[in-house]
Every structure is written in C-alpha cells, then in structure tokens.
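> A structural model of the following input is requested.
(one chain, ligands or ions: 1)
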Amino acid sequence: MNNKFKSPKSEGIVDCKRRGLADRNFRGDTEVKIIIAKNIMSLIRLENKILSDNYNYIIRCNETNSFALIDPLFIDDIEHVLRNAQGDVCYIINTHHHVDHIYGNCYFKSKYPHAKIAAFDKNLVDNIDIELKDDVVLELGSLKLRIKHCPGHTEDHICIEYDDVDKGYFIAGDLLFNGGIGNIKNGGDIKKLFITVDGVKDKIHDDCYLCPGHDYFLKNWVFSKYVMAERHELFDFYVKYSIKHSSNQLMTIGEEKNYNPFFNLENKELKNKVEDICKKSISSKFELFKALRELRDDF
Ligand SMILES: [Zn+2]
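Have a look, this model is predicted:
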C-alpha cells in the first residue's frame, strides 16, 4: 500500500477490529449481483452474508468503461470485478466517514492513483480529492451522479441520485434501509435525521429504486410488525422483498413508503401503539419519529 496515504482515523481502526472487519479476506463468500446492465449504465451490488451486512455498490458507465466505487469494503471482490471488466476507476465515493464505508479508500487510491476520492468533509475522511456539496453533479463518463447532502446519521452523510435510466436509483448509505432508517449512535442528530427522512419522502419519486448501505431487512421487518401490528400489508412486504431480493431486484421508495414505519408518521394506529409501548403521549411527528428510533435502538 502506498505510504503517502494515511490509514483511516485511529478510532475507525479500533471500531473496524471490534467489528471483525480488519485483516479479513472477503473473497469467496461474496455474491456479486448485477442489478442493472443496460443502455449506458450498470449497477453492481456486492454482498457477503457471512462476514458483514454491508452492501457495496459499483456504478459503471458502459460507454466509457469507467467506474465509481461506492463505500468500498470488499476489496478483493471489487478488484476482481474491475479486473474482469478491465475497467478504469474514476471515483471512490463515500456516503459518510464510518469505517465500514471508507475501508477500501487507501487500497483503491493506491491501485488507481488518478481515481478521485469524493466525500463531504475532509476533516473526517483522509485524502479527499473532491469535497462534495449538496446538489453537486459528478460526471462518470456519460452518467451524471447527483449528490444530495443528507445529514442525520452523521453530519457528513450524502446520498447519490441517478435518474437517467429506468426509474432512477437512490444510493442511500446509512440513511435509509429496507423497512428502516439509520441510527444516530455514532455522531448523529435525531432532528436532522427527521428532517432528512421527511425530505426524502417528499422529494424522491416513488418509482425510484432504493439502494441501502446495509441489509437490515429482517430485523426491521420484525420491528415493523411490533409497532404496526394491525397492518396485514406487512406480510406482503416480506413476500415482495424476498422475491425481489432473490432475483436481484430492488424495492422502490414508493414500496418503502407503504411499509417503513418511519415513513408512516401520520398513521394513527402507529402513534397509538408507540404511545402504548412508551407509556407517554406523543404530540408531533418528530416526537413519534424520535420514539420509534429509540425503540428500534433497544429492539
Ligand atoms: Zn454509518
């Protein structure tokens, strides 16, 4: 590894080892799923159910064979994909600074020195080449990747919108997951998270596909059943997700709105149930959001 690139922040390394991520060879257990490969764009998702619940995404411009790596963690397997495609890495994009989202930065920057590390805050991610801002567009060959600042899980969190092909893709990092949202345990802010999630609900169109940064579906679904038990649609959610997941398809933002409790803050039964569980009255959408987040933290 090129010594001129510093390691991730020291606290990150500790966290990384605690989580069992350091010094692992991810090769062999990782599934490489082609989510889309047509027209000018390919979206590849890597997942390793044995070692981590992280998803890694690779975006490719098919016209120029140029690649953007999103939150690279599964180093060997990403490298394998790149080698097979003889591709050129233009960007290493971090949705935020948590170590499982920047772990591969040093490796890929040393392997592809002209690739640009793009993240929001240079004080939190080492060796940033492009300090991202809200609404900035990164051009990857013919593709345009729009950056949205989405604070809450962390202050530096960004998401990526791509909407030139099909119905659009929303690469959500740790902001949104299937059936849930990110936590605020490591530098987050509940008020900002509430505003950001509410904004996504309003601004991202329903047909857009959600690309979450982790697979927390099963636990989120059980939690949804706990707080939205009256809703028989939750069984449909499980079936729909399972079918889609096994055939390399994604849930849409519109489908998430039907089931994700954090998208259903106007639901009276949900409010009553949470009041019942917490044994206190709730007088605003924000209070319900906060109570839900706290319940999910302890679930
Ligand atoms: Zn995170």
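
> Show me which residues of the stretch 101-250 of the chain sit near the ion.
D174 (CB under 5 Å from the ion). Bear in mind the C-beta positions are built from the backbone N, C-alpha and C, glycine included.

> Just give the nearest non-adjacent residue to the residue in the stretch 101-250 of the chain positioned nearest to the ion, would you?
Nearest to the ion, among the residues of the stretch 101-250 of the chain, is D174, at 3.7 Å (CB to the ion). Closest residue in space to D174, ignoring its immediate chain neighbours: G182 at 3.9 Å, by CB to CB, 6 or more residues apart in numbering.

> is it true that the one you found touches L175?
Yes. G182 lies in contact with L175 (CB atoms under 8 Å); the separation is 5.4 Å.

> Pick out whichever of the two has more residues nearby.
G182 (30 against 27; other CB atoms under 10 Å).

> can you pull the contacts of the more buried one?
The contact partners of G182, taken as CB atoms under 8 Å, 6 or more residues apart in numbering, are 152-153, 157, 173-176, 188, 193.

> switch the cut-off to 6 Å
By CB atoms under 6 Å, 6 or more residues apart in numbering, the contact set of G182 is 153, 174-175.

> hey, where'd the helices end up in the chain?
In the chain, the segments counted as helices under DSSP state H are 10-18, 75-85, 99-102, 105-111, 190-203, 217-227, 233-246, 253-259, 268-278, 285-297.

> Can you spell out which helices and strands pack onto the third one?
Contacting helix 99-102 under the criterion 3 or more CB pairs under 6 Å, 6 or more residues apart in numbering; DSSP states H and E are the following elements: helix 10-18.

> how far does stretch 113-125 sit from the chain's center?
Mean-position distance between stretch 113-125 and its chain equals 17 Å (CA atoms, centre = their mean, to the nearest Å).

> buried residues in that stretch?
For stretch 113-125, the neighbour count (16 or more other CB atoms under 10 Å) marks 115-121, 124-125 as buried.

> What degree of burial does the closest residue to D88 other than its chain neighbours show, as a neighbour count?
Of all residues not flanking D88 in the chain, S66 sits nearest, at 5.1 Å (CB to CB, 6+ apart). For S66, the neighbour count with other CB under 10 Å is 20.

> All further residue positions should be reported with the first residue as 54.
In the new numbering, first residue 54, that becomes S119.

> before we move on, the earlier item: surely the residue of the stretch 154-303 of the chain closest to the ion and P204 touch.
No. Here D227 does not reach P204: they are 11.7 Å apart, not a contact under CB atoms under 6 Å.

> more neighbours, the two?
Shown here are D227 and P204; by other CB under 10 Å, D227 has more neighbours (27 against 20).

> show me the contacts for that one.
Contacts of D227 (CB under 6 Å, 6+ apart): 206, 235, 266.

> residue in the stretch 54-203 of the chain nearest to the ion?
H151 (3.6 Å).

> how far away is that residue from K338?
27 Å (CB to CB, to the nearest Å).

> Equivalent analysis for G252, please.
For G252, the distance to K338 - CB to CB - is 13 Å.

> can you check A171 too?
Relative to K338, and taking CB to CB, A171 is found at 33 Å.
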